[in-house]
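K.L.:
Could you work out the structure for the sequence below:
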Amino acid sequence: MHAVPDRLAARTLLVACLFLGGCANFSEQQCRATSWYSLGEQDALMYGLQPQIDVITYQCQKFGVQVPAKEYMDGWTYGNRERYLRLGGESP
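P.N.:
As a prediction, the model looks like this:
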């Protein structure tokens with residue numbers, strides 16, 4: 001009888017963790033040294049996040065770093081496709 005509330009609590013915790021992970025602040029060093037393709041792929045494949053490029057771009061602008069959005073989105077697109085395939089779906 002406790003399975004439904006426990007499942008709901010676990011799902012809520014997971015969503016909160018994903019949301020907080022996606023909102024992490026980038027340091028100047030991260031803005032300058034990140035592999036943007038890999039980060040985009042990781043956001044989609046491992047975390048199932050929507051593209052975070054707007055948030056990241058805003059954060060890195062404070063340090064005068066222009067984020068290569070195309071590299072990030074290329075990685076995100078690949079990761080998103082792979083995630084769907086691994087979950088048993090067809091490529092979007």
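K.L.:
element containing Q29?
P.N.:
Following DSSP states H and E, the helix or strand that holds Q29 is helix 28-33.
K.L.:
Can you tell me the closest non-neighbouring residue to the residue most central in space within the chain?
P.N.:
Central residue of the chain (Cα atoms, centre = their mean): D43, 2.6 Å from the mean position. Residue nearest to D43 in three dimensions, not counting chain neighbours: L49, with 4.5 Å by Cβ to Cβ, 6 or more residues apart in numbering. Quick note: C-beta positions are derived from backbone N, CA and C, even for glycine.
K.L.:
how close does that neighbour get to F63?
P.N.:
22 Å (Cβ to Cβ, to the nearest Å).
K.L.:
same check, this time on S35
P.N.:
Taken as Cβ to Cβ, the span from S35 to F63 is 17 Å.
K.L.:
Between L49 and F63, which is the more surrounded one?
P.N.:
Between L49 and F63, counted using other Cβ atoms under 10 Å, the more crowded position is L49 (18 against 13).
K.L.:
can I assume the more buried one is in contact with L39?
P.N.:
No - L49 is beyond contact range of L39, at 10.5 Å (criterion: Cβ atoms under 8 Å).
K.L.:
pLDDT at G22, what is it?
P.N.:
We have a pLDDT of 50 for G22.
K.L.:
Apologies, that question was intended for A10.
P.N.:
On the pLDDT scale, A10 gets 51.
K.L.:
Ok, M1 next?
P.N.:
M1 is given a pLDDT of 48.
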